[in-house]
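K.L.:
got a sequence here, can you build the structure:
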Amino acid sequence: MEYPWTGTAVITTNKHWGKYAAELQHAGEIEQVVDVRPNTTYVLSAWVKTPGTNERDKWFNAYLGAKDYGGPRADVRFFLPGNHCKSVEFTTGSSAKTATIYFNNRVSGGVAMTDDVQLVESLGLSESK
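P.N.:
Prediction:
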């Protein structure tokens, strides 16, 4: 099943992979509601760039995260001008059926682009003894 993104992004061909990416301008946000299973750990990842960052005195932040899944907001911050991938892990609550995935640049308002967003169940690998 495909879930639509809602929010204030524009479609751009300035992407990491594929044909298109989402571009946020002027403190925007996009989100989508996805089905999840209760008491399950997920890994959310994406490729992001904030091209206005110059890595000296100008930093623009973007955030990828999950909310409304039966636990506290979980997010990861992006702030580099080139494409880079990061991920965040979260575990759904005992009655969770959906989660809201979001991407925003509300704090800094600089242009931010995201591509290749993925949500997968964690493999739950335990440490070897």
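
K.L.:
low-confidence stretches in the chain?
P.N.:
1-3, 12-19, 124-129 (pLDDT under 70).

K.L.:
how about the strands in it?
P.N.:
Applying DSSP state E to the chain gives strands spanning 6-7, 10-12, 21-24, 29-35, 41-49, 62-67, 74-78, 84-91, 98-104, 112-121.

K.L.:
could you identify which of those is most buried?
P.N.:
Ranked by mean neighbour count, the strands of the chain are led by strand 21-24 with a mean of 23 (mean count of other C-beta atoms under 10 Å). C-beta: built from backbone N, CA, C; applies to glycine.

K.L.:
which other helices and strands contact that one?
P.N.:
Applying 3 or more C-beta pairs under 8 Å, 6 or more residues apart in numbering; DSSP states H and E, we find strand 21-24 packed against strand 10-12, strand 98-104, strand 112-121.

K.L.:
can you put the strands of the chain in CSV and add distance to residue 55?
P.N.:
Rendered in CSV, the data for the strands of the chain read as follows (distance: least, C-beta to C-beta, whole Å):
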stretch, distance to residue 55
strand 6-7, 27
strand 10-12, 22
strand 21-24, 20
strand 29-35, 25
strand 41-49, 12
strand 62-67, 15
strand 74-78, 13
strand 84-91, 12
strand 98-104, 21
strand 112-121, 15
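
K.L.:
burial of residue 70, as a residue count?
P.N.:
Other residues near residue 70 number 17, with proximity taken as other C-beta atoms under 10 Å.

K.L.:
you'd agree it is up against residue 94?
P.N.:
Yes: at 6.9 Å, residue 70 counts as touching residue 94 under the criterion of C-beta atoms under 8 Å.

K.L.:
rewinding a little: so which of the helices and strands packed on strand 21-24 gets nearest residue 32?
P.N.:
Evaluated with C-beta to C-beta, those place strand 98-104 nearest to residue 32, the distance being 5.4 Å.
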